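**Q** Provided below for reference: sequence and predicted model.
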Amino acid sequence: MIDHNAIQLAIRARVLSLSVATTGLVTLAATATGYTRSAGSFLTDRLSPGMEIAPAGFASNPVDVIRSVTALEIITKNGRAVEAAAAGRSLAVGLPSDRAWENISLSPTAGKPYAEEQYIPGPSAQVTLGPLGELELTPMYALYVHVPAGNGIGAPSRYADAILRHFTPRTAIAVGTDTLRVRTDVGPFRGQLQAGDAGYSVVPVTIPFFMHTPNHI
């Protein structure tokens with residue numbers, strides 16, 4: 001049945017599992033200004049200034065924002081407790097923890113990324129014969145990850161590309177007894193880097209969907 005609220009919530013649930021970048025489980029140390037490693041590379045792990053990182057495996061795991069990054073060192077926006085190097089730790093980037101879901105207000109924290117969504121229900125059409133034929137719905141979902149401006153193209157581009165990988169054509173999402181799918185005739189696409197709110201940059205990503213559902217009269 002037509003239930004755009006259920007469709008939007010189902011898309012949002014998949015968005016929440018977005019993975020942008022990660023170190024995997026490696027040996028890391030926490031410094032007063034961020035994180036260090038003696039092997040591997042934060043750059044190879046695709047970590048960029050402006051990204052929000054979530055640490056794991058430390059005694060203290062505060063979410064923070066990358067201010068600068070080299071192969072062996074990350075400087076974060078805020079200071080943190082020092083911890084000696086140990087194995088089995090990770091730094092991961094997913095959907096920012098601040099989210100401007102539709103019709104829910106958000107006051108962005110300066111220098112901290114945030115996500116914004118827009119849902120476009122789109123038109124519908126009956127695609128099989130008969131008074132109780134199937135309807136095809138063609139909604140679209142737009143996702144914007146706003147990152148602190150002035151940090152180059154790395155963070156906004158990598159957030160956008162991760163969204164495209166997360167919603168490749170034919171991706172299926174259950175919505176009740178129906179199945180929502182990412183379209184193949186026109187797939188997800190990203191826009192150009194643009195200025196967002198004051199102090200932010202963003203690369204918008206639009207995801208076209210389709211779903212067949214019974215025509216209940």
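**A** Arrived safely, thanks for sending. Numbering: from 1, shown residues only.

**Q** which residue is nearest the middle of the protein?
**A** Nearest to the mean C-alpha position of the chain, by C-alpha atoms, centre = their mean, lies residue 95 at 3.9 Å.

**Q** Could you pull up the residues touching that one?
**A** 15, 16, 18, 115, 145 (C-beta atoms under 8 Å, 6 or more residues apart in numbering). Every residue, glycine included, has its C-beta placed from N, CA and C.

**Q** just checking, the first one touches residue 144?
**A** Think residue 15. No. Using C-beta atoms under 8 Å, residue 15 makes no contact with residue 144, being 11.5 Å away.

**Q** gap between residue 91 and residue 113?
**A** To residue 113, residue 91 is 15 Å away according to C-beta to C-beta, to the nearest Å.

**Q** got the residue ranges for the helices in this protein?
**A** 4-15, 154-166 (DSSP state H).

**Q** Can you list the buried residues in the first one?
**A** What it means is helix 4-15. 7, 8, 10, 11, 12, 15 (16 or more other C-beta atoms under 10 Å).

**Q** and if you look at stretch 24-32?
**A** By 16+ other C-beta under 10 Å, the buried positions in stretch 24-32 come out as 26, 27, 28, 29, 30, 31.

**Q** residue contacts, the residue lying closest to the fourth one once chain neighbours are set aside?
**A** In space, not counting the residues next to it along the chain, residue 29 is nearest to residue 85; the distance is 3.8 Å by C-beta to C-beta, 6 or more residues apart in numbering. Contacts for residue 85 (C-beta under 8 Å, 6+ apart) come out as 27, 28, 29, 36, 37, 38.

**Q** Distance check, residue 155 against residue 93.
**A** Applying C-beta to C-beta, the value for residue 155 to residue 93 is 9 Å.
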